[in-house]
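1. Sequence first, then the predicted structure:
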Amino acid sequence: MTMDDGAQSVSDSVEILKGAPSSDDVLRIIHSLSKNHSIRLPSPESGKVVSILLGKILPDFYDPLKQSKSFCQDVHLILRSLTGIRGLVNLISMYTEIVQRQPNDQQARLKLQVLLTVMGDVITANIIVTLYRHFLSDSKRELLWREIMALFAGSKIVAAAAAAKAAINENHKPKSWWWIADGAKMSEFLGLELLRCEDGNISDETWGKFFYRGLSFGYANIFLNQFLNEHGFDAIKRLSKHLDVRERALFAKAVLRYLQNTYFDHEDTNTVTVSHKVSAVATILIHLIPLDEENNILELVLRDQIGNQRLRRAVVAWIVFHGLQEQVFDDLLKMWSDKIVIRNAQITKQEVQTEVLGLLLPHLGSKYIRTVAQSKVYLTGVSNRLSAISTHLRHTGMCLAVAVNQRDNSGINLSFDDVPGFSAVYCEWAKLLQHKDSVIDEASIWGYLSASETDKRAQPESTIVGVPMLSTNSGKQTAIPVDFSVQSDSDDETDSEFEPYAIVDDDESSDDDPTMRREKVLPPVYIIDLIKYFHESDSNTAFLKHKVALANAANIILRKATFGQELVAASKELGIILSGIKNNFNLENFETNKMNAMVALVITVPDVIGPLYAESVTFGDYSMQERLMMLSAIALGALHLSGKQPYEFDIDTGHMFASKVLPEGIHERFTSAHDYPYGVSRLGLLQVDDAIRTIQVDALQDSVTKATEAAVQEPGILRISKRLQNERQKAANKISVQKNNVAKIAGKSFFFPLAAHWRYFTVSVSRNDFGAIMAGHYVKSLAIILNASYPSATDILDMSMELFSILSTIRRDVSDATIMESFLTAVLVIIEVNEDDTIINTFSKQLIEVKEYLDANWEGITDKRVHSMSAGVLIKITQLLETYQRRLVGEYLAMGS
């Protein structure tokens, strides 16, 4: 075909390339396509071009034509599009899996290296702006922009390249594309890209979304290093304004950690230099972190213990700049005085509280200090600190008391010099009172942060180059030393105004303390109260309410399941709270109580919580541990509802609601064991793995029995399946039959919601180091649900077909014991819950595939337990196929005729 380049259509070009084009044809057609702007947008035509280019042209023609500069430029121009980069990522992932399975496949290795080289050449400066301009006028630009963010800032490119680099395993030969497999280098590249975004057609709001994704990429310090300098400061001020409340919290935390690591982690004995750094950092915080009640940086410093004393000095300067020193001092003093905080909070956190109070003192007026010194909160706090068990807490409490007394000017000189060890602690602690840091003007920030050689070493030059990276360091502001000498007017020790209370060993004796007028926290009675307890944020009561709420959550849920619609109405909110709650107070038995509550919620409101947790496992923002707990809750709840393996909550039904007890006769009627939903009295703590072991043992025992059965029965005797005989025998031996409450809801509420999200789940964990653990637990949960629904469920066959479909996607390296065990368990469950005739008629093909798979990979199974289990499965399938061999052969011959 000899057509002019300009007149030649994209479809004609693709057809020529699909054939056997010559090198000249390839050069001509690729050059023609590179000038066609329509293929830069995602479309069927662009997909065809990229597919033929990556699938055929590059593998066949790259080596002979790579010396041609025009050919390389044209290829890069075509692939420098969303479709091109997406195609590169997909093909790199595909060839990586091939190389991982077949390390000696040299052809696949060469193709993979070519794709990685091209990817490294395609991703160049201004690539983000270039891609966005392609669909600037497209109605789907928001959707396409999200995909760009997922590729670059969502680690898809880095994950694919890193996996490919590990598969190739040629670390001794550096390559030009290695930087795209390095998360730190990619994070630096993203920062530089944002600094180049001066295109007026792209809004700051759009770039703000990209900025947040880059910040959460995993290398926040390297990313922020591109902005927190003289050249990038204006850009980060502009972009950070477009973050929402949740994003601003992460941004504030990242900025604090960066400033700590960059300017305050290194030892510096020069007080003037340190003072300059503190003032400059405080000014940076003022420009980047606005005053926001929902985003309090002091709370971040106290709660997450970010930074050392120097960073806290900068935060105090930020507080003083906004005029909040008195308000913050009041709030912090209440927490500092709280007896429960003193007893239960970490000592290091309490030390930080006392330190911040000391840093705030120089910024407070004498009149305010006098008011504080006479307040009940302060006097109670000093008394509680003096009675603290920890010696260090007592000493720091004394230090603050002495400092306040010095500023009070009341004429009473407070002294603790006779307390062993106090003088040494106070000499060090009093240095806090010398600091009265202030902010500077923006123009002076980088001058104050430019002298330290330590910071120069902390900020290496960019290996991706584009924007100069400045060294930053500290400035010049001196602090006036203040002499705080403490003397006593009397030699009599009893003249002290403050007399410490005796140390209390028992928490319950706090009721007799006249300074403690706290209302006792009772267990919540209603579901709405339970939710309020979990939402409690008041530092005075949060610890106790969280503890009481979690310990009683399962009781309340099970109790309320039989009373009205309160639980149903609030079940979704409660389910979200329980699945995401953190152990912020280091509570004992936290995981056990949390699991109890989640399982109780599953068995009482299965039609709501089952689909909710199934969706949250895949799409929710949860940790691996939280996802595993949701899967376990669904599986254990299904087992309990079936009556096969009840879950024990260890509930004392006589003391569930001691605060609200009905008259004796009515109370007994409503708290009897049989009135609880689904047999609460028989509940017990189970683990998913224990349930799986039980299922495996029961399933494999049957194969031994079948191996000894006679092949032919006497004529005239009704033939009944062995499984049905066993079920009837068990039923006859029982006084009562356990009702299977899960049969009607297993498919709709548990199994099918989980199965529907399987493909999305596998994509989300495929690049995760714990992907095998998660996938194995997911399949085990599905197997448990299917087993629990037997024999009463009407959709067992549908669930079995869906589970076999899922199993076909997880057959992988047989050395992965977790995946292999879940695979074999699911196969056993499918065989157990279906009649033999049904299995042969419906799943004969799948069984043969499983048998061939086990035969082929037998030697590769290294785990002894899984190896023996696979032997049992193989025997079970072989016996089943041999029993129905004649029918299978007959069907095969019938199909052939």
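-> Everything's here; your move.
2. wait, isn't residue 59 in contact with residue 111?
-> Yes - using Cβ atoms under 8 Å, residue 59 makes contact with residue 111 at a distance of 5.2 Å. Heads up, the C-betas are built off the backbone N, CA and C, glycines and all.
3. Tell me where the stretch 751-897 of the chain has helices.
-> Using DSSP state H, counting those that start in this stretch, the helices of the stretch 751-897 of the chain run over residues 752-756, 758-765, 771-789, 796-807, 817-833, 836-856, 864-883, 885-896.
4. Can you say which of those is nearest to residue 595?
-> helix 771-789 (13.9 Å; Cβ to Cβ).
5. who has more neighbours, residue 59 and residue 111?
-> residue 111 (22 against 14; other Cβ atoms under 10 Å).
6. residue ranges with poor pLDDT in the stretch 651-800 of the chain?
-> Within the stretch 651-800 of the chain, the segments meeting pLDDT under 70 span 651-687, 701-740, 762-770.
7. dump the residue contacts of the closest residue to residue 821 other than its chain neighbours.
-> Counting by Cβ to Cβ, 6 or more residues apart in numbering, residue 821 lies nearest to residue 866, which is 5.3 Å off, once chain neighbours are set aside. Contact analysis of residue 866 by Cβ atoms under 8 Å, 6 or more residues apart in numbering lists 817, 820, 821, 824.
8. which of these count as buried?
-> Taking 16 or more other Cβ atoms under 10 Å as the criterion, what is buried in those is 817, 820, 821, 824.
9. gap between residue 362 and residue 330?
-> 17 Å (Cβ to Cβ, to the nearest Å).
10. Pick out whichever of those two has more residues nearby.
-> residue 362 (20 against 14).
11. so the more buried one makes contact with residue 433?
-> Yes - counting by Cβ under 8 Å, residue 433 is a contact partner of residue 362 at 6.0 Å.
12. in the stretch 251-400 of the chain, which spans are strands?
-> Assigned by DSSP state E, counting those that start in this stretch, the strands in the stretch 251-400 of the chain number zero.
13. Residue 384 and residue 342 touch, don't they?
-> Yes - between residue 384 and residue 342 there is a contact at 5.6 Å, judged by Cβ under 8 Å.
14. Which residue of these two possesses the greater neighbour count?
-> residue 384 (24 against 21).
15. Apart from its neighbours in sequence, what residue is nearest the more buried one?
-> residue 339 (4.8 Å).
16. for residue 36, same thing?
-> Nearest to residue 36 is residue 10, by Cβ to Cβ, 6+ apart, at 6.4 Å.
17. cool, residue 11 as well?
-> Residue nearest to residue 11 in three dimensions, not counting chain neighbours: residue 45, with 7.3 Å by Cβ to Cβ, 6+ apart.
18. I'd like the contacts of residue 866 as TSV, with pLDDT and distance to residue 529 appended.
-> Output for the contacts of residue 866, formatted as TSV (pLDDT from 0 to 100; distance: Cβ to Cβ, whole Å):
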residue	pLDDT	distance to residue 529
817	82	46
820	87	47
821	87	43
824	90	46
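19. where does this protein have its least confident helix or strand?
-> helix 453-458 (a mean of 40; mean pLDDT, DSSP states H and E).
20. Convert the helix or strand just after that helix to CSV, retaining C-alpha atoms only.
-> Using DSSP states H and E, the helix or strand that follows helix 453-458 in sequence is helix 527-535. Only the C-alpha atoms of helix 527-535 are listed here, as CSV (Å, rounded to 0.1, in the frame of the first residue of the first chain):
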residue,chain,number,x,y,z
ILE,A,527,-27.0,2.2,71.3
ILE,A,528,-27.0,5.9,70.9
ASP,A,529,-25.1,6.2,74.2
LEU,A,530,-22.6,3.6,73.1
ILE,A,531,-21.9,5.6,69.9
LYS,A,532,-21.5,8.8,72.0
TYR,A,533,-19.0,7.1,74.3
PHE,A,534,-16.9,6.1,71.2
HIS,A,535,-17.1,9.7,69.9
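21. contact partners of the next helix-or-strand element following helix 527-535?
-> Once helix 527-535 ends, the next helix or strand along the chain (criterion: DSSP H and E) is helix 542-560. Contact with helix 542-560 is made by 340-341, 344, 521-527, 530, 533-534, 536, 566-567, 574, 578, 581, 584-585, 587, 589-590, 593-594, 596-597, 599-601, 604, 649, 651, 656-657, 676-677, 680, as judged by Cβ under 8 Å, 6+ apart.
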